[in-house]
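Asks: need a 3D model of the sequence below.
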Amino acid sequence: MKILEQYDAKARKLGMIEAFCEVVAWEVKDLAFSPIMEVEEWEDVKAAAQAIAEHFGALSFVETDLMCSDLVPDEAVKGKVVVLYYKKPETLEKYLRLKASVMAQEEEGSYTAEARKSASIALRRLLSYSEHAINEHYTA
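Replies: Numbering: from 1, shown residues only. Presented below is the predicted three-dimensional model:
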């Protein structure tokens, strides 16, 4: 958001990470993504981000190859870091299985628009989007 550009970027990123760790800790969301960061940005906030996650009891996984979906344009995350925050290890396992399925379909050439939509819906569910929000996105 343009209005936020006047504020310190590092503090904004850490604030978002803190908020997402809290909602994961309180099981409002099963999975949350950090802001998309350049590798250098991640290195700059890494220690504080890890301390925040630890404070809330959130687990984290540093993703440098976020699965292809319609949630975020592929070019927006290519070569960048997105940290996944979650409370239950099975949540990460579900994400990794979904990602592996998408990658296999991409390699086979069968990752069609319909397959991408299906994977994107599954990802949105992992991110605890409501069914209403998912339906609104695909009918808008």
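
Asks: ranges for the strands of this protein?
Replies: With DSSP state E as the criterion, the chain has strands at 31-33, 59-63, 82-86.

Asks: just so I know, which of those strands lies nearest Thr139?
Replies: Relative to Thr139, the nearest member of the strands of the chain by C-beta to C-beta is strand 31-33, separated by 23.7 Å. Glycine gets a C-beta too; all of them are placed from N, C-alpha and C.

Asks: averaged pLDDT, that closest one. What do you get?
Replies: In this model, strand 31-33 has a mean pLDDT of 98.

Asks: over to stretch 72-92?
Replies: Rounded mean pLDDT across stretch 72-92 is 96.

Asks: centre of the chain versus stretch 124-138, how much separation?
Replies: Offset of stretch 124-138 from its chain centre (C-alpha atoms, centre = their mean, to the nearest Å): 14 Å.

Asks: may I see the buried residues of that stretch?
Replies: 124-129 (16 or more other C-beta atoms under 10 Å).

Asks: equivalent analysis for stretch 58-68, please.
Replies: Those would be 58-60, 63, 66-68, for stretch 58-68 by 16+ other C-beta under 10 Å.

Asks: what does that stretch contact?
Replies: 21, 24-25, 33, 39, 42, 49-50, 53, 72, 74, 77, 79-87, 89, 92, 95, 98-99, 102-103, 106, 111, 116, 119, 123 (C-beta atoms under 8 Å, 6 or more residues apart in numbering).

Asks: measure that stretch end to end?
Replies: One end of stretch 58-68 to the other measures 24 Å (C-alpha to C-alpha, to the nearest Å).

Asks: and for stretch 122-133?
Replies: 13 Å.
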